[in-house]
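Student: below are the sequence and a predicted model for it; my questions follow.
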Amino acid sequence: MAEFHFSRFILAQAKKYGEKTALRFKSLKNGEWQSKSWKSFGEEIKMVARALAKLGFKEEDKLGEFSQNVPEMLVTDFAMYANRGVLVPIYATSSVSQVAYIINDSGLKILLVGEQVQYDKACEAQKDCPGLEWIVAIDPSIRFSEQCKDMSMYFTDFMNLGASEELEELVEQRRQAANEQDLAAILYTSGTTGDPKGVMLIHEGYNWAMFNHEQRLPSLSDKDVSIAFLPLSHVFERLWSYLCLYTGIEIVINLRPADIQQTVKEIKPTCMCSVPRFWEKVYIAVKEKLDSYPPLMLGIVAWALAVGKKHNIDCLRQNIKPSAWLALKYKVADKLIFSKVKRTIGIENGHLFPTAGAALSDHIALFFRSIGIPITYGYGLTESYATVCCYDYTGYEIGSIGSIMPNLEVRIGEDNEIQLKGATVTKGYYNKPEANAAAFTEDGFFRTGDAGYLKGQHLYLTERIKDLFKTSNGKYIAPQQIETLLTSDMYFEQVAVIGDQRNYVTAIIVPNLVALRKYAQENNIPADNDDALVADERVYKFYESRIAKHQANMANFERIKKFTLIKKGFTIEAGELTNTLKLRRAIIYQKYAAQIDAMYESSPETFVVK
């Protein structure tokens, strides 16, 4: 472990793989796919490392990346590590005030920006950031503003600063001096309340994260192809991409999230990490397609799903060899149904699809596993270098969030809080002594803020503790559980559950307008005006029935008694979502205070259209 270091390992991989493709990506100029070999990747890292030194970049200096996913980010990452610098990723969707806060809190000197929108925000933010020295623009079409032009340069010009090898000796000295205790990155949590906190990640944690995943997921190999879909500013995608590079896996960089469906179909990846919402949408689309089949085919689908469950869940999951007869039936089911579903999505080559970041409904996990799509559900935090636990190849339990990763200690503390200890747990938050004191127990365990329980090595998540609320009747409600249940329905896009210190549960619901308009047309409800549509009593009754169906097995006090349908969804720009798409409940409650109060003005038995 001691000899391995992120400042050096890409160069070793470049020697090993040479002209083999390391990265694939779409050009910002023409949108065409391009490839970067391992050799080129290594050479560019050397150039950028020298360019940083040329700009006077010192050991422990900070550099920020404010961009959508582009290959220049990964090149810069490892050039930074070669200089013993500290990386500060910033979500591409961050506001000017968020960017300014992170620049000042971390003390970064250089900021890479992706496209014009990020450049303009960075230029605006720098007015309040005296420590920022350079803005480096990745997109060559960015127009520099008058106020920032003297501190702006294009990435190609920046990289060319390192064309000469005059500073190679200095960079090499830094590379050789790099050690496990060096601060590698500060990743700012998106923060559902208050200012974001900078999570400090050191190289020792990186090293152990690679080693632990190599032990847990030994089937990964340099034959795999992975799409980088989630933002590289997110710990999940960043550490997964690092694991891909560590394993020699080709990374295909998806520039824009909206393009992911087309990218998957074009690339046909073997791997891709994503959040559960991606799979929820895939599930809804697949189910809608399957449900449209004629009765005979519906019968075949039901038979195939039953066979898939017996083969993959009842047998393979429990390390039991299926009988020859069951194996034959599964082969038929795969040919008739499963393989067609996979080809439609673009994942017929699927090997491993990690998913985490939110709750995944059990029935969705069961569905995909039954049809042979290898979703690997897990749980982790920025503070735990991503993975705390995940499904194993066999023995995983549907309903759990997987089994504990190697070399990590997990216990259940007060209020059923999940607590962590190990090399892959942060040492603390940057410049936040009070937050650090609150984040750790006296014996050194990190408090996750998530509630759960253990059964052997299997971890079960019940709720985010700070999201739990208690009704005025003293009943505890886990809103995320209800929200996850409803958003697996094709007619629900977003749900915010309400009820803290109230006498019953309500919700603000954003419908899937595409699906709702189709339903309305089929049921002779005017669908040409969305405002009128969400206010229509027949639509309200329709949603009421779907909620009742989904909550049928929940306790009466957990059931939504009233709800408000709104046309416009919750957004990052409006402050209602974090950059990782988590609800900012306080903002939502404040913004929709009038609608919420109206839902509590009369008896819960009186349903009214809002």
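Tutor: Looks like it came in fine.
Student: all contacts plus neighbour counts: C-alpha atoms, from now on.
Tutor: Fine.
Student: which other helices and strands does the lowest-mean-pLDDT helix or strand in the chain contact?
Tutor: Taking mean pLDDT, DSSP states H and E as the measure, the helix or strand of the chain with the lowest value is strand 469-470, at a mean of 82. Other elements packing on strand 469-470 under the criterion 3 or more C-alpha pairs under 8 Å, 6 or more residues apart in numbering; DSSP states H and E are strand 476-477.
Student: the strand it packs on pairs with which strands, parallel or anti?
Tutor: Counting by DSSP bridges, the strands paired with strand 476-477 are strand 469-470 (antiparallel).
Student: name the residues that touch the partner strand?
Tutor: Residues outside strand 469-470 that contact it (C-alpha atoms under 8 Å, 6 or more residues apart in numbering) are 476, 477, 478, 479, 499, 500, 501.
Student: residue 132: which of those is nearest?
Tutor: residue 479 (41.1 Å; C-alpha to C-alpha).
Student: was I right to think that closest one contacts residue 497?
Tutor: Yes. Counting by C-alpha atoms under 8 Å, residue 479 does reach residue 497; the two are 5.5 Å apart.
Student: now residue 170: how far from residue 82?
Tutor: 10 Å (C-alpha to C-alpha, to the nearest Å).
Student: which one of the two has more residues nearby?
Tutor: residue 82 (27 against 14; other C-alpha atoms under 10 Å).
Student: tell me how many other residues crowd the nearest residue to residue 72 once chain neighbours are set aside.
Tutor: Excluding the flanking residues, the one nearest residue 72 by C-alpha to C-alpha, 6 or more residues apart in numbering is residue 138, at 7.4 Å. The number of residues packed near residue 138 is 24, by other C-alpha under 10 Å.
Student: what's the answer for residue 386, then?
Tutor: Neighbours of residue 386 using other C-alpha under 10 Å come to 23.
Student: so what's residue 436 up against?
Tutor: 428, 429.
Student: let me see the ranges of the helices in the stretch 501-610 of the chain.
Tutor: Ranges of helices in the stretch 501-610 of the chain, per DSSP state H, counting those that start in this stretch, are 513-522, 530-535, 537-550, 585-591, 593-598.
Student: can you list contacts of the helix or strand where residue 363 lies?
Tutor: For residue 363, the host element (DSSP states H and E) is helix 362-370. With contact meaning C-alpha under 8 Å, 6+ apart, helix 362-370 is reached by 279-280, 283, 305, 308-313, 374-375, 377, 398-399.
Student: tell me the one of those nearest residue 523?
Tutor: residue 283 (24.3 Å).
Student: ok, now how distant is the closest residue to the closest one other than its chain neighbours from residue 558?
Tutor: Closest residue to residue 283 apart from its sequence neighbours, by C-alpha to C-alpha, 6+ apart: residue 364 at 6.9 Å. Distance of residue 364 to residue 558, computed by C-alpha to C-alpha: 22 Å.
Student: before we move on, what about residue 122?
Tutor: In terms of C-alpha to C-alpha, residue 122 sits 45 Å off from residue 558.
Student: same question, residue 232
Tutor: 37 Å.
Student: ok, which stretches of the stretch 301-450 of the chain are helices?
Tutor: Per DSSP H, counting those that start in this stretch, the stretch 301-450 of the chain carries helices over the ranges 324-333, 339-345, 362-370, 433-439.
Student: so how far is the first one from its chain's centroid?
Tutor: This points to helix 324-333. 36 Å (C-alpha atoms, centre = their mean, to the nearest Å).
Student: number of nearby residues for the closest residue to residue 32 other than its chain neighbours?
Tutor: Distance criterion C-alpha to C-alpha, 6+ apart; nearest residue to residue 32, sequence neighbours excluded, is residue 26 at 5.2 Å. Residues lying near residue 26 (other C-alpha under 10 Å) number 18.
Student: for stretch 319-326, buried residues please.
Tutor: 322, 326 (16 or more other C-alpha atoms under 10 Å).
Student: hmm, who's touching it?
Tutor: Residues contacting stretch 319-326 (C-alpha under 8 Å, 6+ apart): 307, 310, 311, 314, 315, 316, 394, 395.
Student: do stretch 542-559 as well
Tutor: Taking C-alpha under 8 Å, 6+ apart as the rule, stretch 542-559 contacts 475, 477, 482, 485, 486, 504, 505, 560.
Student: just the strands in the stretch 201-350 of the chain please.
Tutor: Ranges of strands in the stretch 201-350 of the chain, per DSSP state E, counting those that start in this stretch, are 225-228, 250-253, 271-272.
Student: mean confidence for the shortest one?
Tutor: When the per-residue pLDDT values of strand 271-272 are averaged, the result is 97.
Student: run a quick neighbour tally on residue 223.
Tutor: 10.
Student: wait, it sits on residue 251?
Tutor: No. The criterion here is C-alpha under 8 Å, and residue 223 misses it with residue 251 at 11.2 Å.
Student: any idea how far the closest residue to residue 185 other than its chain neighbours is from residue 21?
Tutor: Leaving aside its sequence neighbours, residue 185 sits nearest to residue 87 (C-alpha to C-alpha, 6+ apart; 4.4 Å). Between residue 87 and residue 21 the computed distance is 25 Å (C-alpha to C-alpha).
Student: what sits against the residue nearest to residue 307 when sequence neighbours are not counted?
Tutor: Of all residues not flanking residue 307 in the chain, residue 330 sits nearest, at 6.0 Å (C-alpha to C-alpha, 6+ apart). By C-alpha under 8 Å, 6+ apart, the contact set of residue 330 is 304, 307, 308, 311.
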